[in-house]
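Engineer: whatever this is, show me its structure:
(one chain, ligands or ions: 1)
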Amino acid sequence: QRNIAVMTSGGDAPGMNANVRAIVRSAINKNCRVFAVHEGYSGLVNGGPEYIREMKWVDVRGWLNMGGTNIGTARCKEFRERWGRLKACKNMIEAGIDALIVCGGDGSLTGADLFRAEWPDLIKELLDKKDITEETYHTYKHLNICGTVGSIDNDMSGTDATIGAFSSLDRICHAIDYIDATANSHQRAFVIEVMGRHCGWLALMAAIATSADYVFIPEKPTSVDEWSDHMCEAVSQHRARGKRKTIVVVAEGAISSNLTPITCEDVKKVLVDRLGLDTRVTTLGHVQRGGPAVAFDRFLATLQGVAAVDAVLEGTPETPSPMIGIAENKIVRRTLVDAVKLTKSVAKAIEDKDFEKAISLRDSEFHE
Ligand code: ADP
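Structural biologist: Numbers count the residues shown, from 1 in each chain. A predicted model of the protein is given here:
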């Protein structure tokens, strides 16, 4: 029997609540006690009953479809420091927790991975300082950690989909459908900014799903001349065939090949100056995160919650910490450290503007 804690961390994503619900109920089903850590890593660093609360079956009733995260999330500077993680270690032991499931993005899972790697050192320090007894030391010597990936960006390696990405995509598509109606009526052009600083998944999928005229993503920079010509040609062709509206989707991290950002205003200026289109800019912003989880995210979060509890129960000191993903429609268990490392390599390649490497790394992901 274990005492499992669950936490949501980093950017909120629809489906996090469904994940917490599945973890709570699955853990109870397997005769474990389960605790919610509130406000992400801040809850671990602050500790105590205000932040670490036991969850019962009925506490998560109605959570399956809810957006956001009911146990709160936060960005926690202290957890990036060793002293913060030492406090978190002590608080967890005081609450009697011996396994932790973190639902978050690549930052949160990097933190989880580091915490687990450091744990033997942290707990030894508590023993040396006589903060804990020898017996407690032996009981809590090994920490079992598991990650589930909650992020609207779909930017984590080792999984085909992150919890929340399809809800966000759905919200973006609905928003563009609404804009379509007014664009069509007035024969206008709309330049729409969507989320995605380092990953163009949302922008690309939304552009395909709404038959947008053009899309800008961080992974495919082009020179200003090149994209201006290319976009104007595409838009003119579509207009010549009788299309009354123009939709251009811009990921917030889109860049041109001289590495300067491509902003919606840049795109608007080209559409106005070169094609004379009546053009408006719409930044979708946080509506992309809100609202209930779509069916796929409810399903994904639920199956992954069950798999996460199984993973911590089966974990041994010798097995590396797992991350739960989905690959080719199957729920899979990955090695957390590998998934984090690959995600960082992709991000680094994008930062270095080595886009071919980034794409080949993404394509190579864990394909056995
Ligand atoms: P996301 O999980 O959505 O990528 P962040 O990158 O903001 O979000 O990470 C969320 C939290 O995870 C941070 O506020 C911090 O507490 C923790 N974290 C992130 N990176 C690290 C790291 N390298 N070491 C320790 N903790 C980290």
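
Engineer: count of neighbours near residue 238?
Structural biologist: For residue 238, the number of neighbouring residues by other CB atoms under 10 Å comes to 17. C-beta here means a position set from N, CA and C on the backbone, and glycine is covered the same way.

Engineer: which secondary structure state is assigned to it?
Structural biologist: helix (DSSP: H, G, I helix; E, B strand; the rest coil).

Engineer: ok, it touching residue 211?
Structural biologist: No: with contact defined as CB atoms under 8 Å, residue 238 does not count as touching residue 211 (9.4 Å).

Engineer: need the contact list for the residue in the stretch 151-300 of the chain that the ligand sits nearest to.
Structural biologist: Evaluated by CB to the nearest ligand atom, the stretch 151-300 of the chain has residue 151 as its residue closest to the ligand, separated by 5.7 Å. Going by CB atoms under 8 Å, 6 or more residues apart in numbering, residue 151 touches 10, 11, 13, 104, 105, 106, 162, 163, 164, 165.

Engineer: so how far is the ligand from the fifth one?
Structural biologist: Read that as residue 105. 3 Å (CB to the nearest ligand atom, to the nearest Å).

Engineer: how about the second one?
Structural biologist: Between residue 11 and the ligand the computed distance is 4 Å (CB to the nearest ligand atom).

Engineer: quick one: the strands in the stretch 101-250 of the chain?
Structural biologist: For the stretch 101-250 of the chain, the strands defined by DSSP state E, counting those that start in this stretch occupy 144-149, 189-194, 214-216, 246-251.

Engineer: partners of the first one in the sheet?
Structural biologist: For strand 144-149, the pairing partners within the sheet under DSSP bridges are strand 99-104 (parallel), strand 322-327 (parallel).

Engineer: quick one: low-confidence ranges for the stretch 251-368 of the chain?
Structural biologist: Within the stretch 251-368 of the chain, the ranges that satisfy pLDDT under 70 run 365-368.

Engineer: rerun at 90
Structural biologist: 255-260, 290, 316-319, 340-368 (pLDDT under 90).

Engineer: now do the helices in it.
Structural biologist: Assigned by DSSP state H, counting those that start in this stretch, the stretch 251-368 of the chain shows helices spanning 264-275, 295-314, 336-351, 355-364.

Engineer: return the most buried member of these.
Structural biologist: helix 295-314 (a mean of 22; mean count of other CB atoms under 10 Å).

Engineer: quick one, that one and strand 322-327 angle?
Structural biologist: Comparing the axes of helix 295-314 and strand 322-327 via axes from the mean of the first three to the mean of the last three CA atoms, to 10 degrees yields an angle of 140 degrees.
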